[in-house]
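> Attaching a predicted model along with its sequence, questions to come.
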Amino acid sequence: MSSERIPLQHYVPPRSRAGDTAANRRPVFGFGGAPDPNMENLANLDECELTQLTDSLSEESKVLVKVLTRMISMKIKDEIKGLKDKLEEKDSQIESLKEDISQLNEKIQILETNIDSVDQYERRDTIIVSGPVLPEENPAENAANIITSMFKDHLKVNISYSDINIAHRIGSVNTQRKRPIIVKLTNRSLKHDLIGACIKMKPQLYINESLTPKRLSLFKNILNIRREHRDKFQQCHTKDGKIIIKLKNSTVRHEIIDERTLLAFLDKYPQMKDSYLLTVNSA
């Protein structure tokens with residue numbers, strides 16, 4: 001179809017011929033033939049020409065056009081309003097679902113923390129011993145015997161076999177390094193005595209609490225923050241599975257047990273929070 005606009009004066013509406021019947025009258029747009037060229041010309045009329053065409057209609061036709069135009073306009077407005085109402089309803093449902101998801105995520109985090117705390121409580125009497133002074137691993141070794149001797153020689157703390165429930169090496173076998181020894185003690189006070197002696201004596205022997213995988217990962221991230229902000233940290237250690245943070249020029253001891261409590265603490269220190277988020281996102 002030509003895109004050339006046809007002037008209004010060139011448009012000649014089709015006239016019905018005398019004797020034409022509905023059966024043989026040629027349709028304007030038929031399925032079996034080409035469209036009427038005059039109707040194709042109508043498609044190229046601009047608004048001004050359409051106005052001129054409307055003005056040339058009879059008064060009855062003008063009224064009919066206005067009525068039809070108004071009806072179509074009202075129908076379109078109703079359709080648009082209906083679509084807007086549906087869209088607003090969907091938006092409201094989406095916001096409600098987002099709030100529900102947020103609440104569910106918070107509940108899940110609380111449940112995960114509770115489960116992790118139970119797991120950590122089971123480790124309350126357990127320590128992990130490592131360091132350069134650990135002897136080379138021997139298939140016939142007695143881990144409990146190694147531990148009692150090392151505590152006596154390096155920490156000046158005497159413990160008996162009855163103070164140890166379980167003692168064995170942990171980690172994958174690697175001849176390039178000495179595997180740590182995990183020790184489950186019979187009471188928590190003995191654990192505190194050993195850790196205190198290790199802090200005091202500062203030997204080439206390291207004693208750490210046994211942490212859950214989740215809490216250990218959290219502790220490592222906090223240690224990364226401390227490395228980047230040493231000027232702010234005074235203490236950073238664990239006690240009974242809780243991560244203790246004490247900043248310089250402050251008497252407050254912050255206890256961290258999960259990411260929620262860590263983020264609540266870091267909200268007061270934007271630079272440290274940025275370091276943490278950068279570490280987590282790059283992992």
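That came through, no problem.
> Any idea which helix or strand in this protein has the lowest mean pLDDT?
helix 37-43 (a mean of 53; mean pLDDT, DSSP states H and E).
> The nearest residue to N208 once chain neighbours are set aside: which element?
Nearest residue to N208, sequence neighbours excluded (Cβ to Cβ, 6 or more residues apart in numbering): I128, at 5.0 Å. Glycine gets a C-beta too; all of them are placed from N, C-alpha and C. Element membership for I128 (DSSP states H and E) is strand 126-130.
> Only alpha carbons, please: show that strand as CSV.
Taking C-alpha atoms only, strand 126-130 is exported to CSV below (Å, rounded to 0.1, in the frame of the first residue of the first chain):
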residue,chain,number,x,y,z
THR,A,126,36.2,-29.1,73.6
ILE,A,127,39.4,-27.4,72.6
ILE,A,128,41.7,-27.7,69.6
VAL,A,129,45.4,-27.8,70.2
SER,A,130,47.9,-26.9,67.5
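> helices or strands next to that strand in the packing?
strand 181-185, helix 188-201, strand 206-209 (3 or more Cβ pairs under 8 Å, 6 or more residues apart in numbering; DSSP states H and E).
> what pairs with the residue nearest to N208 across the strands?
I182, N208 (DSSP bridges).
> Any idea how many residues pack against it?
Other residues lying near I128 total 17 when counted by other Cβ atoms under 10 Å.
> pretty sure it is touching S210, no?
Yes. The pair I128 and S210 passes the contact test of Cβ atoms under 8 Å, sitting 5.5 Å apart.
> mind listing what's buried in stretch 109-128?
Buried residues in stretch 109-128, counting neighbours by 16 or more other Cβ atoms under 10 Å, are found at T113, D116, Q120, R123, D125, T126, I127, I128.
> Which residues does that stretch contact?
Residues outside stretch 109-128 that contact it (Cβ atoms under 8 Å, 6 or more residues apart in numbering) are 165, 170, 180-188, 191, 194-195, 207-212, 214-215, 240-241, 257-260.
> now stretch 260-267: how far from the chain's centre is it?
17 Å (Cα atoms, centre = their mean, to the nearest Å).
> Could you tell me the end-to-end distance of stretch 250-261?
End-to-end span of stretch 250-261 (Cα to Cα, to the nearest Å): 18 Å.
> One more: stretch 162-171?
25 Å.
> highest average neighbour count across the helices and strands packed on strand 126-130?
Neighbour counts (mean count of other Cβ atoms under 10 Å) averaged over each of those peak at strand 181-185, with a mean of 21.
> Just the CA coordinates for that one, please, in CSV.
Taking C-alpha atoms only, strand 181-185 is exported to CSV below (Å, rounded to 0.1, in the frame of the first residue of the first chain):
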residue,chain,number,x,y,z
ILE,A,181,44.5,-32.5,68.1
ILE,A,182,40.9,-32.1,69.3
VAL,A,183,40.4,-32.6,73.0
LYS,A,184,37.1,-33.1,74.8
LEU,A,185,37.6,-32.3,78.5
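> tell me what that strand is packed against?
Using 3+ Cβ pairs under 8 Å, 6+ apart, strand 181-185 is in contact with strand 126-130, helix 143-150, strand 164-169.
> ok, and what's touching it?
Here strand 181-185 has contacts from 125-130, 134, 143, 146-147, 163-170, 191, 210, using Cβ under 8 Å, 6+ apart.
> right, and out of the buried residues of stretch 109-128, which lies closest to M201?
Closest approach to M201 among these (Cβ to Cβ): I127, at 15.4 Å.
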